[in-house]
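In: Sharing a sequence plus its predicted fold:
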Amino acid sequence: MKPVIEICVDRLDSVQVCAAHGVDRIELCAALSEGGITPSIGFLQAARKVFSGKIMMMIRPRCGDFFYSDEEIDMMKADIRAARENGADGVVFGCLLASGEIDAPRTQQLRDAAAGLDVTFHRAFDVTPDLSRSLETLISLGIPRVLSSGGEADVWKGLSTLKHLVAQAAGRITILPGGGVVAGRVEELLSTIGAGEAHLSARHSIDSAMVFVRHDIPMGASVVASEYVHKVADPAQLSLLTLSSHS
């Protein structure tokens with residue numbers, strides 16, 4: 001069986017590249033440089049027009065930690081409703097208690113708001129104090145998929161833990177390895193841990209088309225990567241993947 005490949009994207013041209021290469025699923029985000037936050041509805045609508053595979057929409061109201069206020073949870077519910085109404089197939093979210101444990105009541109609220117949609121609990125999972133216990137919590141809440149690097153900076157450092165999580169899951173929840181995945185090693189990763197899906201960005205850098213540039217005036221933090229270099233989905237990397245096609 002071919003693996004399911006999910007590409008995280010924050011640009012429409014990346015969506016177009018994924019569509020052209022028959023990518024199974026995309027995770028639609030804004031600001032991947034910040035780990036991904038909720039994208040605009042305009043972006044979702046545009047992506048839906050050009051991508052026939054599954055679209056998972058990130059539901060994350062801000063960068064930073066995953067300890068949310070009631071008001072932020074309400075925002076996330078509203079974004080889930082908007083995702084449903086504008087063509088998303090699923091949503092991606094995660095929320096924690098101040099202790100770092102899975103916030104089960106709020107996760108259940110968001111799961112209920114997403115009824116009928118596919119759901120992934122994102123890498124907030126990786127910063128919980130006990131991954132095995134957290135996995136059982138997600139299973140008890142009926143979460144179908146969790147994105148994880150095995151509680152490490154990348155999947156290669158978390159390889160043994162990912163293998164353990166796949167075994168513990170025993171088909172009750174899908175383990176989606178992500179974080180430092182490269183296109184040329186997807187088959188190696190999945191065969192090693194026994195998973196059937198992989199999550200990666202598969203990007204490369206291209207220069208901006210801007211002729212007049214001001215490198216001395218960043219729009220974000222004072223120390224940032226050049227705003228005149230973009231990270232977009234890379235056709236060469238996608239060509240290395242085993243991908244299904246969509247009619």
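Out: Perfect, thanks for sending it.

In: Could you use CA atoms for every contact and neighbour count after this?
Out: OK.

In: Which is the succeeding secondary structure element to the helix or strand of the chain with the lowest mean pLDDT?
Out: Using mean pLDDT, DSSP states H and E, the weakest-scoring helix or strand in the chain turns out to be strand 229-233, at a mean of 77. Using DSSP states H and E, the helix or strand that follows strand 229-233 towards the C-terminus is helix 235-238.

In: Three-state assignment for the residue with the largest distance to the centre of the chain, please.
Out: Distance from the centre of the chain peaks at Phe212, with 33.8 Å (CA atoms, centre = their mean). Recorded secondary structure, Phe212: coil (DSSP: H, G, I helix; E, B strand; the rest coil).

In: Spatially, which residue comes closest to Arg11, not counting chain neighbours?
Out: Leaving aside its sequence neighbours, Arg11 sits nearest to Val232 (CA to CA, 6 or more residues apart in numbering; 7.0 Å).

In: low pLDDT regions in the protein?
Out: 221-228, 230, 242-247 (pLDDT under 70).

In: Now do the helices in the chain.
Out: For the chain, the helices defined by DSSP state H occupy 12-20, 41-50, 70-85, 104-113, 131-140, 159-169, 186-193, 235-238.

In: For Pro235, the count of nearby residues, please.
Out: 16 (other CA atoms under 10 Å).

In: show me the contacts for it.
Out: By CA atoms under 8 Å, 6 or more residues apart in numbering, the residues touching Pro235 are 17, 21.

In: ok, now how distant is it from Ser14?
Out: Distance, Pro235 to Ser14, by CA to CA, to the nearest Å: 9 Å.

In: Same question for Val4.
Out: Between Val4 and Ser14 the computed distance is 18 Å (CA to CA).

In: Make sure Arg81 is actually in contact with Ala115.
Out: No. Under the criterion of CA atoms under 8 Å, Arg81 is not in contact with Ala115, lying 10.1 Å apart.

In: rewinding a little: more neighbours: Val4 and Ser14, which one.
Out: Ser14 (23 against 18).

In: My read is that that one contacts Ala233, right?
Out: Yes. Counting by CA under 8 Å, Ser14 touches Ala233, with 4.7 Å between them.

In: check contacts around the residue nearest to the spatial centre of the chain.
Out: Centroid check for the chain by CA atoms, centre = their mean gives Glu27 as the closest residue, at 5.0 Å. By CA under 8 Å, 6+ apart, Glu27 lies in contact with 6-9, 55-58, 92.

In: Among the residues you listed, which ones are in strands?
Out: Mapping the contacts of Glu27 onto strands (DSSP state E) picks out 6-9, 55-58, 92.

In: Turn those residues into CSV, columns for distance to Lys163 and neighbour count.
Out: Shown next, in CSV, are the ones in strands among the contacts of Glu27 (distance: CA to CA, whole Å; neighbours: other CA atoms under 10 Å):
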residue, distance to Lys163, neighbour count
Glu6, 19, 24
Ile7, 21, 24
Cys8, 23, 28
Val9, 26, 26
Ile55, 27, 26
Met56, 24, 26
Met57, 27, 32
Met58, 26, 28
Val92, 22, 25
